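S.K.: Sequence and predicted model, in that order:
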Amino acid sequence: MRTRCYHRRVIIDFHTHIFPQEVRENREEYLKRDRTFAEMYANPKAKITTAEELLQSMDEHGVDVSVALGFAWREHELCVRHNDYLLEAAAKSKGRIVAFCTVNMAADEAAGEIVRCAKLGAKGLGELRPESQAWDLNGEPGARLGALAKEHQFVLLFHVTEIGGHEYAGKNGLQLGAFYRFAMEHPDLAIVGAHFAGGLPFAMPEAPQVSLTAFADTAARRFLYPETVYQDAVSRWGTERILLGSDFPLVSQKAQIEEVRANVSGEREQRLVLGENAARLLRLDTDA
Ligand SMILES: [Zn+2]
């Protein structure tokens, strides 16, 4: 990874979704089994993609590395099965897919699963949706999560919901205020707020800038905010804390890369957002 990342422009998509083939083939069963999954995938147009399709997209559009995120299943067993798939896909990909596993912190087995995922090569947890799984990020489960993330040097990626705004499938998952509190209480953790951190850089422009260390990804921007949010986010957080994220397959990787290029000015700034920030966060430059 060392040469791949720092001797030429690296493109890292920090927010993609892949599922085991089994979920795609038995979609109806999973729709009945998990309310959040049903909210997002009951619409037959909502695509479910596999690791092979992600790798094909990466080849086509020059993406070096993708972070493949798990799904916040309510049932621990479903989290484990999905984690197995992500870990296997990452292991087979020779560094091109980075696995972020998912757990339900309300489950007794969650801590053990985090340890297992770390041993098998996961680099983080996500896309975390504490409210969909009914556990309190600002309470005891969140404190446990923070301690485990620190111990295993895990990046935590949260789905964050903006205040107000329009409704969309899968909107609820973590309120902006809860995310903000957790991030402020854990400045030593690597924390990513998906979807421009629920609008945090522009929703609370005066409050968080001083001591907040969280990152924001650009996932699904086109369905959530006007394009001007790039400028707002960069002016308040700088380019060092913004990460390219597509939400593949919801948005094509090509379209998301082009969007970043069109809205972030400066060659160095673009390089940071398109991959170098992510390489740093994932410690790809120091890993063998
Ligand atoms: Zn999300």
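M.R.: Sure, I can see it.
S.K.: Can you tell me the closest non-neighbouring residue to the residue of the stretch 101-250 of the chain found nearest the ion?
M.R.: Of all residues in the stretch 101-250 of the chain, residue 159 sits closest to the ion, with a separation of 3.6 Å (C-beta to the ion). Every residue, glycine included, has its C-beta placed from N, CA and C. With sequence-adjacent residues excluded and distances taken as C-beta to C-beta, 6 or more residues apart in numbering, residue 159 is closest to residue 173, at 3.8 Å.
S.K.: what sits against the one you found?
M.R.: By C-beta atoms under 8 Å, 6 or more residues apart in numbering, the residues touching residue 173 are 36, 72, 127, 128, 129, 130, 131, 132, 158, 159, 160, 161.
S.K.: and the fourth one, what are its bridge partners?
M.R.: Using DSSP bridges, the bridge partners assigned to residue 128 are residue 158.
S.K.: From what I see, it and residue 174 are in contact.
M.R.: Yes. With the criterion set as C-beta atoms under 8 Å, residue 128 and residue 174 qualify as a contacting pair; they are 7.2 Å apart.
S.K.: Settle it for me: which of those two has more neighbours?
M.R.: Here residue 128 and residue 174 are compared on neighbour count by other C-beta atoms under 10 Å; more neighbours surround residue 128, at 31 against 23.
S.K.: Run through the stretch 1-150 of the chain and note the low-pLDDT ranges.
M.R.: 1-8 (pLDDT under 70).
S.K.: just the stretch 151-288 of the chain next, same as before
M.R.: Scanning the stretch 151-288 of the chain with the threshold set as pLDDT under 70 gives 163-164, 169-171, 204-211, 285-288.
S.K.: Residue 272 touches residue 240, doesn't it?
M.R.: Yes. Using C-beta under 8 Å, residue 272 is in contact with residue 240, at 6.0 Å.
S.K.: ok, the two, which is more surrounded?
M.R.: Summary of the neighbour comparison: residue 272 and residue 240, criterion other C-beta under 10 Å, with residue 272 having more neighbours (22 against 13).
S.K.: list the contacts for the more buried one?
M.R.: When contacts are counted by C-beta under 8 Å, 6+ apart, residue 272 is found next to 239, 240, 242.
S.K.: Excluding sequence neighbours, find me the nearest residue to residue 216.
M.R.: If the residues on either side of it in the chain are set aside, residue 216 comes closest to residue 197, at 4.0 Å by C-beta to C-beta, 6+ apart.
S.K.: gap between residue 159 and residue 126?
M.R.: For residue 159, the distance to residue 126 (C-beta to C-beta, to the nearest Å) stands at 8 Å.
S.K.: what is in contact with those two at once?
M.R.: Counting by C-beta under 8 Å, 6+ apart, the shared contacts of residue 159 and residue 126 are residue 194.
S.K.: Quick one: name the residues of the stretch 101-250 of the chain near the ion.
M.R.: Proximity of the stretch 101-250 of the chain to the ion is assessed by C-beta under 5 Å from the ion, with 159, 194 identified as the residues in range.
S.K.: Alright, that wraps it up for me.
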